[in-house]
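Asker: How does the following fold in three dimensions:
(one chain, ligands or ions: 1)
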Amino acid sequence: MKESPSFKKLVLIPGYQCNNRCVFCINADKRALKIKDTAAARAEIIRGAARGCDYLEFAGGENTIRPDFCELVRCAAGAGFRRIAVATNGRMFSYPAFARRAADSGLNEVIFSVHGHTPALHDGLTRVRGSFRQLLRGIENVKKVMKGTLGTNTTVMNGNYRQLPEIGRFISGFGFYNSEFIFADPTYGGVKNDLERLMPRISECAPYMRACLDLAASWPRPARPGALGYNWAARYVPLCHFRDYYPLQISEAREALIYANVQHVAPDYTNLDAVKGRRELGREKPASCRGCALYARCEGIWKEYLKVYGAAELKPVKK
Ligand code: SF4
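Answerer: Below you'll find the model as predicted:
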């Protein structure tokens, strides 16, 4: 049963500019690409609405540093998007007037990137001292002015996976219960460039990720059978290490329940079926997966991971 009507989601990346320098950023090598200016970004929003999209997520890069950010949010609201979200490092929201302006423009979902539960851990990964302090202020400001959906995402990498249960407890203190823990993506960018230093072994980080997901076990679930309730999930993980968490705590499985389609539009590419693209281009089920009971549901593991670490950690599930 679906929790809500199927959304058709447009993930719009108007540019890759950012005020952080996260070590793991998949777009680390794309900063210099020409951004979509206001007119081009507005045109993409209107085209997305015309294709039937009703959920817009601004992703990047850091879109809140664009002077036209609130104008683009208003454009999306005017074009008929029901949910208007931004994935953000949260720093601009530390300015109360900005948080208020974004909410008044129609922004009704904010996904904050939280990569550590202390200034030393978070700032060490973003490589901007003070980014954690600004993020926390941003969260507080947004909580005051926005009634919509608030959540977080956390990239899981060598620098933070052992602290995941603490990070999870810290995040749950915000009271959002919409959080994703994302196995780092080495397809390109920061992790690909320094894979063995940054990319965790799935067999080593999975127990910490599972301990983090287990924090949600005692939270109330909705009475409706099959309803999704809170979203406290792992993304991009091979299911053999998370078989007890499928489907409600596996992001891709939740996505399949919620979204009819996910489209990505960026300065350097357009992909009107982003889920298929990721499954076919980024991830792989090696030969050793054949015969696995979860084969049809599982997206496997990153191709770049397999090239360096091999497939020995993937264990086909018998039944
Ligand atoms: S298909 Fe492969 S990666 Fe997926 S659960 Fe089975 S063994 Fe693991």
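Asker: dump the residue contacts of the closest residue to the ligand within the stretch 51-200 of the chain.
Answerer: Of all residues in the stretch 51-200 of the chain, residue 183 sits closest to the ligand, at 12.0 Å by Cβ to the nearest ligand atom. Bear in mind the C-beta positions are built from the backbone N, C-alpha and C, glycine included. Contact partners of residue 183, counting by Cβ atoms under 8 Å, 6 or more residues apart in numbering, are 156, 200, 202, 205, 209, 234-237.
Asker: Quick one: neighbours of residue 129, just the number.
Answerer: As a burial measure, residue 129 scores 11 neighbours (other Cβ atoms under 10 Å).
Asker: so what's it closest to, chain neighbours aside?
Answerer: Leaving aside its sequence neighbours, residue 129 sits nearest to residue 123 (Cβ to Cβ, 6 or more residues apart in numbering; 5.2 Å).
Asker: how about the host helix or strand of the one you found: buried residues?
Answerer: Applying DSSP states H and E as the criterion places residue 123 in helix 119-126. By neighbour count on 16 or more other Cβ atoms under 10 Å, the buried set for helix 119-126 is 121-126.
Asker: Mind listing residues that contact that helix?
Answerer: Helix 119-126 is contacted by residues 20-24, 89, 114-116, 129-133, 135, 155, 157, 159-160, 163 when judged by Cβ under 8 Å, 6+ apart.
Asker: again with stretch 297-304
Answerer: Residues outside stretch 297-304 that contact it (Cβ under 8 Å, 6+ apart): 185-187, 192, 195, 202, 236, 238-240, 246-247, 252-253, 278-279, 282-286, 289, 292, 311, 314.
Asker: Is any residue of that stretch near the ligand?
Answerer: Yes. Using Cβ under 6 Å from any ligand atom, stretch 297-304 reaches the ligand at 298, 300-301.
Asker: how about the closest residue to residue 21 other than its chain neighbours, what does it touch?
Answerer: Of all residues not flanking residue 21 in the chain, residue 127 sits nearest, at 4.1 Å (Cβ to Cβ, 6+ apart). Residue 127 is in contact with 20-23, counting by Cβ under 8 Å, 6+ apart.
Asker: sorry, back to before: give me the buried entries from the contacts of helix 119-126.
Answerer: Neighbour-count burial (16+ other Cβ under 10 Å) applied to the contacts of helix 119-126 gives 20, 22-24, 89, 114-116, 131-132, 135, 155, 157, 159-160, 163.
Asker: can you dump the C-alpha coordinates of the helix or strand where residue 142 lies into PDB?
Answerer: Secondary structure assignment for residue 142, by DSSP H and E: helix 131-145. Presented in PDB, the C-alpha positions along helix 131-145 are these (Å, rounded to 0.1, in the frame of the first residue of the first chain):
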ATOM      1  CA  SER A 131      30.000  24.800   8.900                       C
ATOM      2  CA  PHE A 132      28.600  22.600  11.700                       C
ATOM      3  CA  ARG A 133      27.700  25.600  13.900                       C
ATOM      4  CA  GLN A 134      26.000  27.300  10.900                       C
ATOM      5  CA  LEU A 135      24.200  24.100  10.100                       C
ATOM      6  CA  LEU A 136      22.700  23.800  13.600                       C
ATOM      7  CA  ARG A 137      21.600  27.400  13.500                       C
ATOM      8  CA  GLY A 138      20.100  26.800  10.100                       C
ATOM      9  CA  ILE A 139      18.100  23.800  11.400                       C
ATOM     10  CA  GLU A 140      16.800  25.800  14.400                       C
ATOM     11  CA  ASN A 141      15.800  28.700  12.100                       C
ATOM     12  CA  VAL A 142      14.000  26.500   9.600                       C
ATOM     13  CA  LYS A 143      12.100  24.600  12.400                       C
ATOM     14  CA  LYS A 144      10.800  28.000  13.500                       C
ATOM     15  CA  VAL A 145       9.400  29.100  10.100                       C
END
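Asker: Output the contacting helices and strands for it.
Answerer: Contacting helix 131-145 under the criterion 3 or more Cβ pairs under 8 Å, 6 or more residues apart in numbering; DSSP states H and E are the following elements: helix 96-105, strand 109-113, helix 119-126, strand 149-156.
Asker: returning to that earlier point: quick one: pLDDT of the residue nearest to residue 129?
Answerer: pLDDT recorded at residue 123 is 98.
Asker: So the residue lying closest to residue 197 once chain neighbours are set aside, which state does it fall into?
Answerer: Closest residue to residue 197 apart from its sequence neighbours, by Cβ to Cβ, 6+ apart: residue 158 at 6.6 Å. Assigned with DSSP: H, G, I helix; E, B strand; the rest coil, residue 158 falls in the coil class.
Asker: count of residues packed around the spatially closest residue to residue 238 that is not a sequence neighbour?
Answerer: Excluding the flanking residues, the one nearest residue 238 by Cβ to Cβ, 6+ apart is residue 301, at 4.7 Å. Per other Cβ under 10 Å, the neighbour tally for residue 301 reads 25.
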